[in-house]
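> Sequence first, then the predicted structure, then my questions.
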Amino acid sequence: MTNDKSGVKETMAEPERPAGSTYYLVEARALPDVFLRVMEAKELIASGDCRSVNEAVQRVGISRSAYYKYRDAILPFYESSRGSVITLVLAIENLPGVLAAITAQIAAGGANVLTIHQGLPVHGLADVSVVIETEGLTMEVGQLLAALDRVTGVHSCRVLARMLPPEQLQGK
């Protein structure tokens, strides 16, 4: 559900935001340390480096209560992309099955592949852009990126761009 004129959509895991919520895009260095540590803990959990909230908060040096207080109030810019179209850019090894494994991982995450473009390999690596629709995502975008980074043959994966669907661009 769209909460405000920015077109930011909530993830399925987030609780309902109060009517009239306002969102800001703020540079990380302007945030209090606790927000940055909460983000660090969320990234440790999403990447699989920590298996529990307890383990993650101990590693970053915050309390569980601080984590739970702020976890839904802060998210990386790309996490506001659920329900939109995202362009991913990957550097992959020129090996059979790597692209198939990438598309399988995207499908497993509930996203829909719209287009794929693979450049010619240079020194054994090829650049691939994949445009996905995120409406059906069953995980956070960051978790999908971490899963794609773990695919054998993927050297890097990042979000290049995001576009809101047409119905969100038309006066909503």
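All right, it came through fine. As the structure is a computational prediction, the values presented were derived from the model and not from experiment.
> Every contact and neighbour count from this point should use C-alpha atoms.
Fine.
> Can you identify the element that follows the biggest helix by length in the chain toward the C-terminus?
Ranked by number of residues, the top helix in the chain under DSSP state H is helix 33-47. Sequence-wise, the next helix or strand beyond helix 33-47 is helix 53-60, with elements assigned using DSSP states H and E.
> Please pull up the helix or strand immediately following that following helix.
Helices and strands here follow DSSP H and E; after helix 53-60, the next one along the chain is helix 64-70.
> Can you spell out which helices and strands pack onto that next one?
Other elements packing on helix 64-70 under the criterion 3 or more CA pairs under 8 Å, 6 or more residues apart in numbering; DSSP states H and E are helix 33-47, helix 53-60.
> how about that helix: buried residues?
Under the neighbour-count criterion of 16 or more other CA atoms under 10 Å, helix 64-70 has Tyr67 buried.
> Quick check, pLDDT for the most centrally placed residue in the chain.
Relative to the mean C-alpha position of the chain, the nearest C-alpha, by CA atoms, centre = their mean, is the one of Val141, at 2.4 Å. Turning to Val141, the model gives it a pLDDT of 84.
> Look up phi and psi at the residue located most distally from the centre of the chain.
Here the centre of the chain is the reference, and by CA atoms, centre = their mean the most remote residue is His123, at 29.0 Å. His123 has phi and psi values of phi 50, psi 40 when expressed as degrees, to the nearest 10.
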